[in-house]
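Trainee: prediction below, plus the sequence it came from.
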Amino acid sequence: MGFLVQICTLTLLAHGLRLPDAAAVAIAVSVALAHNFLWHERWTWRGRPAQTTRLQRFAWFQLANGSLSLGSNLGLTLVIKAMAKLPLVTANVAAVAMASLVMFLVNDRLIFRLGLSPLAPALVADDDA
């Protein structure tokens, strides 16, 4: 779903509004990130107990996944477009395909992991006491 949100947004921004490539990709990725967070909360990792507030998870999601997504999408899309002489949306599809596994692992292992989230306080119970 997030991929479709990103591609539709990118198409609208690049072809409909004629924004510059870098701006269109950055905005499309940001829209998809907000959608993806809500989707992951509701479906992908819904069975995992929340160790932090939704706002904390969203902040961590934007910091970790957002940085990776924006960097990889923007960088790879522009490089692929220039080197392969592909249209912007086609280059973005290739960039997303290349970065998908890394994004999944970041979400699975860091953002929605079982146990304490990186933003949760480090509470260690002393079972020997």
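Mentor: That came in fine, so what should we check first?

Trainee: so which bits of the helix or strand residue 106 falls within are buried?
Mentor: Assigned by DSSP states H and E, residue 106 belongs to helix 88-106. Within helix 88-106, the residues scored as buried using 16 or more other CB atoms under 10 Å are 88-89, 91-96, 99, 103, 106. All C-beta atoms are positioned from the backbone trio N, CA, C, and that covers glycine.

Trainee: what separation do you get for residue 26 and residue 74?
Mentor: Here residue 26 is placed at a distance of 6 Å from residue 74 (CB to CB, to the nearest Å).

Trainee: if we can go back for a sec, restricting to C-alpha, output the helix holding residue 106 in CSV.
Mentor: What follows is helix 88-106, C-alpha atoms only, in CSV (Å, rounded to 0.1, in the frame of the first residue of the first chain):
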residue,chain,number,x,y,z
LEU,A,88,11.5,9.5,-12.8
VAL,A,89,8.6,7.2,-11.7
THR,A,90,10.3,4.1,-13.2
ALA,A,91,13.6,5.0,-11.6
ASN,A,92,11.8,5.4,-8.3
VAL,A,93,10.2,2.0,-8.6
ALA,A,94,13.7,0.5,-9.1
ALA,A,95,15.0,2.4,-6.1
VAL,A,96,12.2,1.2,-3.9
ALA,A,97,12.8,-2.4,-5.0
MET,A,98,16.5,-2.1,-4.2
ALA,A,99,15.9,-0.7,-0.7
SER,A,100,12.8,-2.7,0.4
LEU,A,101,14.6,-5.5,2.3
VAL,A,102,16.7,-3.0,4.3
MET,A,103,13.6,-1.0,5.3
PHE,A,104,11.8,-4.2,6.4
LEU,A,105,14.7,-5.3,8.6
VAL,A,106,15.0,-1.8,10.2
